[in-house]
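[1] just the structure for this:
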Amino acid sequence: MGNLMGGLRYKEPSTVEECDSTWETDSESEEQPQGAEEDSGISDSMSTSETAKCAEQMDSFQQFGDTAESSTKMKRSLYAAKDLYKYRHSYPNYKEPRQLNEYRNLRFYLNKIPLVPDGIYVEDILTKWKGDYDKLEHNHTYIQWLFPLREQGLNFYAQELTQDEIKEFQNTREAKRRFLLAYTIMLDFFGIKLLDKNGNVSRAPNWQDRFQHLNESQHNYLRITRILKSLGELGFESFKPPLVQLLLQEALVECTLPNMRHSALEYFVYTVRAPSQRRALLRFAQHHYQPPENFIWGPPKRRCLPGGRGSKTEPAVDWSTSKARSSKQGSPNSPRTEKGELEGREAGEWKTAKLPRGILEGRARVDTEEYIETLPL
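    The predicted structure follows:
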């Protein structure tokens, strides 16, 4: 298992609370007064009647995690919390890097070696596999090569990333260009279109058929988690919030992906490193989650302290049109993410804007392959 087996100094967290620092720097974690309007952090795009309609649709999708929601009190997954804690901390049990000539992930993306065991080169995947949904669905060996991580996947022929290899990858224009093309192929497979070099996404023209398939193929949720992690590892952290926002919108608002909502909240949101961005996503989700009493990812209840100050709302987020601006103020240390001073450095501020229904469907688009070819990486 490589880099997850070493590291005697690392003390693994033993509770979900120790893993999750999302709300630790938030001043709004106490319950709001009765009747007060909650700031979701992201502009709402659904009326009360639409919320009720979506709730009715949820009654017909009592599958997998949602079945448990309706019958028992839900609990956060300690396994998921630990896994994503390690990811956001850049894997505390990190091992020594390999030599440069053993960087198999980088060499694969430079088209110098094929993926193992299938013997397929990345250029063949990029030119021949787009739109071949049967192949993308049923082949289970390519995903670990297209989206490498510093952890072992199901394909034991795929090699884990190292810190030095990540630096080399991020400095190699050809590898990053091919990585983005691979990302667009998988988005198309899911029914999503990459709009621009900022990572904004929308429904693709094929969204209805692909969303129906995605809603019924939960193993693809594992692939989405891996893709989100890999985006962050290889220099595309800012691409994650727009994708997670779209998936939350479809799962909770449009009800096109109702089976995904638990995975989106338990895994997808927590791949985002900046706590402020996670809070914004979770406030949006909490505003639309049905039944609301089953939402377990919100701010914890806080004791009222003497002389405490009033709550402070976070700026609303527009994932569709804004880019993250570097924050000059870091976040305090915390058990989960700020402890390694990773998340506080990346926390961004986002502009307020209304997110239109359908999420950017009417927005002018650019040809993905064309802009990737000229993208200054």
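[2] low-confidence ranges in the protein?
    Under the criterion pLDDT under 70, the flagged ranges of the chain are 1-10, 26-72, 94-101, 302-377.
[3] same thing but at 80, please
    Scanning the chain for pLDDT under 80 picks out 1-11, 25-73, 93-101, 153-154, 301-377.
[4] show me where it has its strands.
    192-194, 201-203, 325-326, 348-349 (DSSP state E).
[5] what about the longest helix in the chain?
    In the chain, taking DSSP state H as the definition, the longest helix is helix 173-190.
[6] list the buried residues in that helix.
    175-190 (16 or more other Cβ atoms under 10 Å). In short, each C-beta sits where N, CA and C put it, glycine included.
[7] closest one of the residues you listed to residue 243?
    residue 187 (8.0 Å; Cβ to Cβ).
[8] which residues sit in contact with the closest one?
    Shown in contact with residue 187 (Cβ atoms under 8 Å, 6 or more residues apart in numbering): 193, 194, 201, 204, 243.
[9] ok, for the last one, nearest residue in space, not its chain neighbours?
    Nearest residue to residue 243 in three dimensions, chain neighbours excluded: residue 201, at 5.5 Å (Cβ to Cβ, 6 or more residues apart in numbering).
[10] next, count neighbours for residue 172.
    If you count neighbours by other Cβ atoms under 10 Å, residue 172 ends up with 17.
[11] now it: how far from residue 299?
    From residue 172 across to residue 299, the span is 41 Å (Cβ to Cβ, to the nearest Å).
[12] residue 92 too?
    Counting by Cβ to Cβ - residue 92 and residue 299 are separated by 26 Å.
[13] between those two, which one's more packed in?
    Under the neighbour definition other Cβ under 10 Å, residue 92 and residue 299 were set side by side, and residue 299 has more, 20 against 17.
[14] on that earlier part again, the residue nearest to residue 243 reaches residue 240, doesn't it?
    No - using Cβ atoms under 8 Å, residue 201 is not in contact with residue 240, being 10.6 Å away.
[15] which among the contacts of residue 187 gets closest to residue 81?
    Using Cβ to Cβ, the contacts of residue 187 come closest to residue 81 at residue 243, 20.9 Å.
[16] wait, what's in contact with that closest one?
    Contacts of residue 243 by Cβ under 8 Å, 6+ apart are 187, 192, 199, 201, 228, 268.
[17] counting neighbours, what do you get for the nearest residue to the last one once chain neighbours are set aside?
    If the residues on either side of it in the chain are set aside, residue 268 comes closest to residue 244, at 4.8 Å by Cβ to Cβ, 6+ apart. For residue 244, the neighbour count with other Cβ under 10 Å is 27.
[18] for stretch 115-129, buried residues please.
    For stretch 115-129, the neighbour count (16+ other Cβ under 10 Å) marks 115, 116, 120, 122, 125, 126, 129 as buried.
[19] widest-spaced pair of those residues?
    Largest separation among these by Cβ to Cβ: 116 and 126, giving 17.9 Å.
[20] roughly how far apart are residue 109 and residue 127?
    Relative to residue 127, and taking Cβ to Cβ, residue 109 is found at 14 Å.
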